Structures are given as C-alpha cells and as structure tokens.
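Asker: after the sequence you'll find the predicted model.
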Amino acid sequence: MKQDDLKKQAAEAALAYVKGGIIGIGTGSTVNHFIDALAGIKGCIEGAVSSSESSTERLRRHGIPVFDLNAVGELDLYVDGADESNHRLELIKGGGGALTREKIVAAASRTFVCIADESKLVEVLGRFPLPVEVIPMARGYVARELVQLGGTPVWREGFVTDNGNLILDVQNLEITDPKGLEQRINNIAGVVTVGIFALRPADVLILGSAQGPRTIIRS
C-alpha cells in the first residue's frame with residue numbers, strides 16, 4: 001500500500017474516538033485525511049479547536065465550526081499526527097511547523113490520539129530532525145546552545161510559524177531521555193517550545209499498516 005493510503009487508514013480509524021462535543025485537531029497530511037473523514041460525521045460534533053491556520057481553513061471548507069481554545073476550556077479529544085513515535089508514545093512533532101499550538105491543544109485535552117503510518121514507529125527518537133520554535137532575535141544564541149547538546153541545528157529558511165517565529169531543525173540527535181531533553185531545551189532562553197512530546201505524550205497511537213490499522217495504547 002502507498003504511504004498516503006496508510007495515513008488515510010489510520011485517520012479513518014480514529015473516527016471511533018469521536019464522541020461529540022468540540023474536538024482538538026492537529027496539523028499535517030495525515031490530519032488532513034482525518035478532517036476529510038470527520039466531515040462525513042460533522043453533525044455529531046459541535047466543532048473543533050485547530051492547531052494551525054491551514055487546518056482551520058480545511059475545517060471551515062467542510063462547514064465545521066472552529067472555536068478559540070480560550071472560549072471552550074478542556075477538550076475531551078485531540079487528534080494529530082507525528083513525525084516519529086517510540087513505543088512509550090513519546091513523539092517528535094513539528095515537521096509542519098505548528099508544534100507550539102499543537103502542544104497547547106494536546107495539553108488541554110483529556111485524550112490524545114496520534115495517527116500515523118507504521119514507518120513512524122521507531123525504537124529511539126531523533127532520526128527525524130527535531131523542530132525547535134524560537135523567537136527571531138534568539139536564533140543564533142539558541143543554535144549555539146543546541147550544538148552544546150550534541151545536535152546540528154539548521155535554520156528552516158523562508159518559513160515563519162503562525163506565531164511569527166522561526167524553526168530550527170536539529171539533526172544528529174539520539175533522544176534516549178525524551179522528557180529530560182524536552183525540559184532542557186524548553187529552558188533555553190528564546191525557545192518558544194521544542195517538538196518533543198514526552199511530558200504530554202499520546203494516549204493512543206493508531207498506525208496504518210498493510211495488515212490494517214494497528215492500535216497501541218499507552219500503559
């Protein structure tokens with residue numbers, strides 16, 4: 001099966017977790033499949049809180065109302081993709097550059113369902129370059145600090161986040177302590193947030209595979 005078919009398979013399987021109300025929606029190609037599938041049952045939900053302008057636009061094209069998180073409080077469900085997941089459902093996210101808003105919506109949700117194709121499941125995080133959102137004036141300083149941690153930061157030139165910030169993609173990391181590294185990078189002055197989701201990992205991981213959707217639940 002094509003990778004896109006596996007993403008669609010995982011996205012459609014996540015509909016089983018939709019129980020009504022207002023749900024959190026992430027960003028990316030797999031989430032786009034989820035939004036398209038969600039449109040078929042949009043009468044069952046009140047609407048969505050979106051983590052990016054691109055997802056907001058797609059939701060509204062389908063006639064799904066989009067709410068401000070400040071107006072709705074805690075969410076029952078958040079559905080998003082990932083660039084990598086380990087077996088503890090700790091993630092690397094932010095390939096699409098929406099990591100800060102994604103982290104906020106994940107934190108505000110009772111259940112985080114992550115959808116991906118099976119290639120995203122890894123033993124150790126870090127093969128996918130780790131995105132770090134930084135305030136523009138801090139780019140050089142943060143890059144030097146990331147080098148001290150053993151990474152090779154690369155400025156994602158020509159890209160600005162929805163929050164008006166920059167992304168450094170950190171290569172050559174082997175992340176054996178995701179929680180510790182998440183805290184350490186978040187404590188660097190000028191970092192908005194890092195794309196490690198370990199302090200708030202996924203609760204459920206749905207992987208599209210040639211044998212059908214595979215679900216892993218965090219113990």
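Answerer: Right, received. Where do you want to start?
Asker: what's the residue closest to the geometric middle of this protein?
Answerer: The centroid of the chain falls nearest to K93 when counting by CA atoms, centre = their mean (4.5 Å).
Asker: distance of that one from D169?
Answerer: In this view, K93 and D169 are 12 Å apart by CB to CB, to the nearest Å. Using the backbone N, CA and C atoms, a C-beta is placed for each residue, glycine as well.
Asker: re the thing from before, and the residue nearest to the centre of the chain, what pLDDT?
Answerer: Looking at K93, its pLDDT stands at 98.
Asker: ok, it - contacts?
Answerer: 80-83, 99, 102-103, 131, 195, 197 (CB atoms under 8 Å, 6 or more residues apart in numbering).
Asker: one more time with 7 Å, if that's ok
Answerer: By CB atoms under 7 Å, 6 or more residues apart in numbering, K93 lies in contact with 82-83, 99, 102, 195, 197.
Asker: count the neighbours of the residue lying closest to it once chain neighbours are set aside for me.
Answerer: The shortest distance from K93 to any residue other than its chain neighbours is 4.9 Å, reached at G195 (CB to CB, 6 or more residues apart in numbering). Counted by other CB atoms under 10 Å, the residues lying close to G195 total 29.
Asker: so G195 makes contact with G95?
Answerer: No. In this structure, G195 is not within contact of G95 by CB atoms under 7 Å, at 8.0 Å.
Asker: dihedrals phi and psi, the closest residue to G28 other than its chain neighbours?
Answerer: What sits nearest to G28 in space, not counting adjacent residues and going by CB to CB, 6+ apart, is G81, at 4.4 Å. Phi and psi for G81, reported as degrees, to the nearest 10, are phi -90, psi -170.
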